[in-house]
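>>> Got a predicted structure here, sequence first:
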Amino acid sequence: MRFSKIVEQLDIAEASSLESCPELNPDIVGVSSVQDSVPETISYIEGKKFAPYIEQTTNAALILPMDPSLQTQATERGLAWVSTPEPRLGFARAIALFYQPFCLAPGIHPTAIIHPTATIGANVAIGPYVVIHAGANIGDHVCIHPQVVVYPEAQVGASTTLHASCIIHERAQLGQHCVIHAGAVIGSEGFGVVPTAQGCEKMHQSGIVIREDLVEVGCNAAIDRPAVGETRIGRNSKLDNLVHVAHNCQLADNCILAAQVGLAGGVALESLVVLGGQVGVANNAKIGKGAQAGSKAGLHSNVPAGSVMMGTPASPYRTYLKSSAIYNRLPEMHRTLKQLQKQVADLEQQLVQLEQTPQ
Amino acid sequence: MRFSKIVEQLDIAEASSLESCPELNPDIVGVSSVQDSVPETISYIEGKKFAPYIEQTTNAALILPMDPSLQTQATERGLAWVSTPEPRLGFARAIALFYQPFCLAPGIHPTAIIHPTATIGANVAIGPYVVIHAGANIGDHVCIHPQVVVYPEAQVGASTTLHASCIIHERAQLGQHCVIHAGAVIGSEGFGVVPTAQGCEKMHQSGIVIREDLVEVGCNAAIDRPAVGETRIGRNSKLDNLVHVAHNCQLADNCILAAQVGLAGGVALESLVVLGGQVGVANNAKIGKGAQAGSKAGLHSNVPAGSVMMGTPASPYRTYLKSSAIYNRLPEMHRTLKQLQKQVADLEQQLVQLEQTPQ
Amino acid sequence: MRFSKIVEQLDIAEASSLESCPELNPDIVGVSSVQDSVPETISYIEGKKFAPYIEQTTNAALILPMDPSLQTQATERGLAWVSTPEPRLGFARAIALFYQPFCLAPGIHPTAIIHPTATIGANVAIGPYVVIHAGANIGDHVCIHPQVVVYPEAQVGASTTLHASCIIHERAQLGQHCVIHAGAVIGSEGFGVVPTAQGCEKMHQSGIVIREDLVEVGCNAAIDRPAVGETRIGRNSKLDNLVHVAHNCQLADNCILAAQVGLAGGVALESLVVLGGQVGVANNAKIGKGAQAGSKAGLHSNVPAGSVMMGTPASPYRTYLKSSAIYNRLPEMHRTLKQLQKQVADLEQQLVQLEQTPQ
């Protein structure tokens, strides 16, 4: 594909070498990273600190930020380039031009076992050994990989992909254009344990999980249904591998949960919340719009919109950085304190003596 | 179902509106939460702080704590109510009156592959594409969902449910009335790595996993078997999603492990231990009866019975709260310390001068 | 098996009771732990602190460290023994003499669905309901348990074992003699989310996962493929259950990752790195050769070779121990500091008065 064609299709380009050197229009055969570049491919650079890679890359073209010095550098090395305020987004789109994700061929494999009361849309791909229970509803263009089990009355929206071995529990509702990765479990029983004096008694989980459109759930993640009501994952939210979402959580749209995040029961995330890897959020905590938490943070209570939190218990970013910088000086502080106590005691004694000195 | 009938069946009620207003006996069609109430259903309230919900709920009946003011409030709103010291337990029982968890119909699906030497009890439900290996033993009334694999010589006790895609490894022994959720792996090889100067050498895991009656294991959890001996999960213990239990762990009865808890090799939990989400327990630590650990705690050594621990390394609850409250004042403390050092040095110098002053 | 035969086969023994008591050559029928010993079996002891077990064990033989006092103690109790600098390694080898891990019988089960363009090596065992997609390559002597799915063009090296329900994604390359435990997912899509002002946009993950020889991956673990390039797990590296390895990570040989470890994108581990349970490593951090991190540590930046790190953010072992020892004295330090401030203020005032005193 000609570089000029790629520039057109990125749909975010604001400048390119085609303007100054229209003859610099190489044929691009794929994508690669600039650190590990492959000839005749396009890559991207996020900012000045990657400038040294421009000197050594074997890429034929680069997606650059809006930076004249990087542009000049690329031109001088004979590379085609295109600039955009969002080079990483440009690269994502470039990959999509060359990469076709694997999809099952449409059709229902003869070994798929589909209950006669299940409804199956048009143009679906249902792989071998899939089991779809009574009353389930599978939308148009859905792709279901092998070994998936859809429990009774679950709904899978149009154009959604279920990867191998994922499990959709009873009554769960998945939106359109969702991707559930291998081994993920959606709508499993919430952890309904009622401690009593005689040990724990089970609380049945009669609620449902609702996942809106464009949601993605990582491998071996688990999203529980509640005792009553619903657990909801908002539109375009993305959950990475091994994430746990407990019963009654309410995620708004466009939330990002990195791998191994755990949300306890009843957590509410407003839109655009970003949680780093291994973050934990305690029961019923409300996390405000656009708030972020650094990896491993423990959010034990509500977090205001727009905050950036770190540590356990979590503090605002700046506070945390200051405190954790001092943390390793605690032994020194402790020694200083002991020393000061001694000095002050000495001073006090000297002062007493001075005062008693006959003048 | 009439409210009076529900009250009878809860088996924990100590007072109800039927005593004062016997005519208040609505027909109840289901359960819902008081925050998100549905007309003609029953809900519950745990304590006074939920009192405002009584004013606005559309529920027809409520399960209340033993609190006369809440009772009066409910009566004034025309709601039927029943009081009990354990409203949440009452609600769990109310759900069980209305909700029938999905169960496979009894019978063995023709696609299930069962080795001729496996023993299968009476009245089992074995779904499509289940594989049961040689010498395995499946008790009466067991329900095995699709895609489950039972390795050789594993035993599954009567009335136990294995959800879709869970894996029971060789020689594992599951008790009666257990529930293994989707994707969980029981009896997998412990992490038998022996570091040597040449890298790591494998230690085979020849032991077994024993899970007593009424145990529940969450989705995609993993319980390992040991090199020799056994890993044991005690009666009525409940493990949430994505929990890891390493080789040789010994859990007594009625332990509760929230999601993403990790137990290293040889950990021993006495009965009634409760571990919050993402808690980790180090090799061979012994956690005493009824001890609790807050979410994200790291238990690096033994914990006495009845303790409540928080933080990493974990400290008793009160100590932790005090220390973590001060943590964010570290920068201020550091500044104060520097300031004091300066003041004391000045004082010392002044004192020297004073002493040298000819009198 | 005669004890003398075992000693021969351990291949690491440096001394044994056979030299002083050649008649002490019991028949050994298996292995057990010394705490939970079984008659006629062999066990091991790692060091002096386990000496009390020698007094009470019912084992017939022990693998001891190079310690004359333990040897004498064992001889006096009539136990056969063999000494080696690495008793645990010896025990691993003893287990291997008695324990035969379960393996499927060679052959391809008639229910396995193998695409005609897939290549299958000699002497493989492929269980029921396995699905192998187009262009996949399965080496000689590979054992594939039930319900495994191998996506298109994945390669599985000779003598590798894939346990039940594990998923090998498109183009992933597994080396020889690897073990992938139940439910693990190899080569899944990296978490390719590009945040934009309008929410997140997906970055396709067109790269591959390469796992070299002798790699082991625990149950329900997930190893992601990158957008471009490769994620690589080096020779003889061992990953425990529920580990997450993000896109573009590069693990050298002989790394050990305990359960629930999470590596963010682009992390590089040099050889012989050991990460404890629940450790997290941040984006692009480089962890030097032989470095270790204690369980729950958060490695937010590069770590030099040979370091031992603990805490979040991680510090060198000694620093961490000192600081965390002081942590719980923070409230006391805070009080002391307040007290000192008061004392110093008093002193300053007294000094002013003294200076003003007419002499």
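Looks like it arrived, so ask away.

>>> can you pull out the strands in the stretch 1-150 of chain A?
Applying DSSP state E, counting those that start in this stretch to the stretch 1-150 of chain A gives strands spanning A:15-16, A:30-31, A:41-44, A:61-64, A:80-83, A:107-108, A:113-114, A:119-120, A:125-126, A:131-132, A:137-138, A:143-144, A:149-150.

>>> In terms of helices and strands, where is A:G187?
strand A:185-189 (DSSP states H and E).

>>> now check that strand, is it near chain B?
Yes: using C-beta under 8 Å from any C-beta of the partner chain, strand A:185-189 reaches chain B at A:185, A:188-189. (Glycine included, C-beta is placed from N, CA and C.)

>>> okay, the strands of the stretch 1-150 of chain A, which one's buried deepest?
Of the strands of the stretch 1-150 of chain A, the one with the most neighbours on average (mean count of other C-beta atoms under 10 Å in any protein chain shown) is strand A:149-150, at a mean of 30.

>>> is chain B contacted by it?
Yes: against chain B, strand A:149-150 shows contacts by C-beta under 8 Å from any C-beta at A:V149.

>>> any idea of the mean pLDDT for that strand?
For strand A:149-150, mean pLDDT rounds to 98.

>>> So what touches it?
If you take C-beta atoms under 8 Å, 6 or more residues apart in numbering or on different chains as the criterion, strand A:149-150 is touched by A:118, A:130-133, A:136, A:138, A:144, A:156, A:162, A:167-168, B:145-147, B:164-165, B:182.

>>> same thing but at 6 Å, please
With contacts defined as C-beta atoms under 6 Å, 6 or more residues apart in numbering or on different chains, strand A:149-150 is touched by A:131-132, A:136, A:167-168, B:146, B:164.

>>> can you list those in CSV and add distance to chain C and pLDDT?
Shown next, in CSV, are the contacts of strand A:149-150 (distance: C-beta to the nearest C-beta, whole Å; pLDDT from 0 to 100):
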residue, distance to chain C, pLDDT
A:V131, 11, 98
A:I132, 16, 98
A:A136, 20, 98
A:I167, 11, 97
A:I168, 16, 98
B:P146, 10, 98
B:A164, 10, 97
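
>>> quick one: which of the residues of strand A:185-189 next to chain B has the most company?
Neighbour counts for these, by other C-beta atoms under 10 Å in any protein chain shown, peak at A:V185, which reaches 31 neighbours.

>>> From what I see, that one and B:H181 are in contact.
No: A:V185 is not in contact with B:H181 according to C-beta atoms under 6 Å; the separation is 7.3 Å.

>>> what residues are shared contacts of these two?
Counting by C-beta under 6 Å, 6+ apart, the residues touching both A:V185 and B:H181 are B:C219.

>>> Give me the pLDDT for A:A197.
73.

>>> neighbours of it, just the number please.
Using other C-beta under 10 Å, A:A197 has 5 neighbouring residues.

>>> repeat for the one 5 residues further on
A:K202 has 19 neighbouring residues, counting by other C-beta under 10 Å.

>>> Distance check, it against chain B.
According to C-beta to the nearest C-beta, to the nearest Å, A:K202 and chain B sit 7 Å apart.

>>> Skip the chain neighbours and tell me the closest residue to that residue.
Excluding the flanking residues, the one nearest A:K202 by C-beta to C-beta, 6 or more residues apart in numbering or on different chains is A:G192, at 6.0 Å.

>>> Repeat that for A:D36.
Leaving aside its chain neighbours, A:D36 sits nearest to C:G229 (5.0 Å; criterion: C-beta to C-beta, 6+ apart).

>>> Flag every buried residue along the longest helix anywhere in chain A.
When chain A is scanned for its longest helix (criterion: DSSP state H), the result is helix A:330-356. Using 16 or more other C-beta atoms under 10 Å in any protein chain shown as the test for burial, helix A:330-356 gives A:330, A:333-334, A:336-337, A:340, A:343-344, A:347-348, A:350-351.

>>> Counting by contacts, list what it packs against.
The contact analysis (3 or more C-beta pairs under 6 Å, 6 or more residues apart in numbering or on different chains; DSSP states H and E) places helix A:330-356 against helix B:330-356, helix C:317-327, helix C:330-356.

>>> pLDDT below threshold where in chain A?
Flagging of chain A using pLDDT under 70 yields the residue ranges A:358-359.

>>> and if we set it to 90?
A:1, A:10-15, A:18-23, A:35, A:100-101, A:103, A:192-203, A:324-332, A:346-359 (pLDDT under 90).

>>> Would you map out the domains in it?
What automatic domain parsing lists as the domains of chain A is A:3-98, A:107-318, A:333-359.

>>> For chain A, which segments are assigned as helices?
Remark: helices assigned in chain A by DSSP H are A:3-10, A:17-20, A:51-56, A:68-76, A:87-98, A:317-327, A:330-356.

>>> What residues of the first one count as buried?
Read it as helix A:3-10. Buried residues in helix A:3-10, defined by neighbour count with 16+ other C-beta under 10 Å: A:3-4, A:6-7, A:10.

>>> what comes into contact with it?
Applying C-beta under 6 Å, 6+ apart, the contact partners of helix A:3-10 are A:13, A:16, A:18, A:25-26, A:28, A:61, A:80, A:82, A:90, A:93.

>>> Output those as CSV; include the columns distance to A:S307.
What follows is the contacts of helix A:3-10, written out as CSV (distance: C-beta to C-beta, whole Å):
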residue, distance to A:S307
A:A13, 35
A:S16, 39
A:L18, 43
A:N25, 47
A:P26, 46
A:I28, 42
A:A61, 40
A:A80, 42
A:V82, 36
A:G90, 30
A:R93, 32
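
>>> and the gap between A:Q353 and A:R232?
75 Å (C-beta to C-beta, to the nearest Å).

>>> need the residues of the stretch 201-350 of chain A near chain B, please.
By C-beta under 6 Å from any C-beta of the partner chain, the residues of the stretch 201-350 of chain A that approach chain B are A:201, A:203-204, A:206, A:220, A:222, A:227-229, A:244, A:262, A:264, A:280, A:298, A:312-313, A:315, A:319, A:322-323, A:326, A:333, A:336, A:340, A:343, A:347, A:350.

>>> wait, A:C143 sits on A:A125?
Yes: A:C143 lies in contact with A:A125 (C-beta under 6 Å); the separation is 4.5 Å.

>>> and for the two, which residues touch both?
Common neighbours of A:C143 and A:A125 (C-beta under 6 Å, 6+ apart) are A:L104.

>>> interface residues of the stretch 1-150 of chain A facing chain C?
Contacts of the stretch 1-150 of chain A with chain C, taken as C-beta under 6 Å from any C-beta, map to A:31-33, A:36, A:88-89, A:92, A:95-96, A:99, A:102, A:128-129, A:146-147.

>>> Now a PyMOL select for only the buried ones of these.
This is the PyMOL syntax for the buried subset of the residues of the stretch 1-150 of chain A next to chain C, where burial follows 16+ other C-beta under 10 Å:
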select buried, chain A and resi 31+32+33+36+88+89+92+95+96+99+128+129+146+147
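
>>> Tell me the one of the residues of the stretch 1-150 of chain A next to chain C nearest C:A291?
The shortest approach to C:A291 among the residues of the stretch 1-150 of chain A next to chain C belongs to A:D36, at 24.0 Å (C-beta to C-beta).

>>> hang on, that closest one packs against C:E230?
No: the pair A:D36 / C:E230 is not scored as a contact, 8.4 Å apart, by C-beta under 6 Å.

>>> Now do the shared contacts for the two.
Common neighbours of A:D36 and C:E230, using C-beta under 6 Å, 6+ apart, do not exist here.

>>> Mind listing the residues bridging to A:L174?
A:V156, A:R211 (DSSP bridges).

>>> Thanks a lot, catch you later.
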